[in-house]
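Participant: need a structure here:
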Amino acid sequence: MKSYEEMLEEAKSKLPEVAIAKERFELSKVKGHLEGNKTVISNFSQICSSFDRDQAHLLKFLQRELATPAAIDGPRLILGRKISSARINEKIQQYARDFVICKECGKPDTKVIKEERFHYLRCTACGAKQPIVAKL
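Facilitator: Okay, the predicted model is just below:
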């Protein structure tokens, strides 16, 4: 008769391999297309809701960083010139680093708060408060 430890090891060896758990926050890649000389991002509202940020805030950031006029059209964003999706994704990652991800714990559970003339990133997970150094 097998001992308890032997049976436990045998049972563990028969278990399926556990996949590496994904982070609960993943940056969405832009989905879009070109319309003439304009770039249309069709999942703009989804990206903003995953960041828990106002669409106007991300719009202003992208306009400044990409140096192009833009307009929100329902759930879409229309940029005034042709821009590659890789460049847009790069700018969205930069936005997440500057305005969404907590620099202490690395979680996206943050809120932008304004005290006097300064904006701060307040983390609801760890309680950290960092000044936002990026201009907007």
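
Participant: Check what pLDDT the spatially most central residue of the chain gets.
Facilitator: Geometric centre of the chain, nearest residue: residue 27, 4.1 Å, by Cα atoms, centre = their mean. pLDDT for residue 27: 78.

Participant: again, but for residue 113
Facilitator: 90.

Participant: phi, psi of it?
Facilitator: When read as degrees, to the nearest 10, the backbone of residue 113 gives phi -120, psi 150.

Participant: same thing with residue 129?
Facilitator: Dihedral angles of residue 129 (phi, psi; degrees, to the nearest 10) stand at phi -140, psi 120.

Participant: Helix, strand or coil: sort out residue 17 for me.
Facilitator: Here residue 17 is recorded as coil under DSSP: H, G, I helix; E, B strand; the rest coil.

Participant: All the strands of this structure, residue numbers only.
Facilitator: Taking DSSP state E, the strands of the chain run over residues 32-35, 38-41, 70-73, 76-79, 110-115, 118-123, 129-131.

Participant: any chance of the ones you listed in TSV, plus mean neighbour count and distance to residue 60?
Facilitator: C-betas here are computed from N, CA, C, even on glycine. Shown next, in TSV, are the strands of the chain (neighbours: other Cβ atoms under 10 Å; distance: least, Cβ to Cβ, whole Å):
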stretch	mean neighbour count	distance to residue 60
strand 32-35	13	19
strand 38-41	20	15
strand 70-73	14	9
strand 76-79	20	12
strand 110-115	14	13
strand 118-123	16	13
strand 129-131	12	19
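
Participant: Looking at those, which is nearest to residue 94?
Facilitator: Closest to residue 94 of those, according to Cβ to Cβ: strand 118-123, at 14.5 Å.
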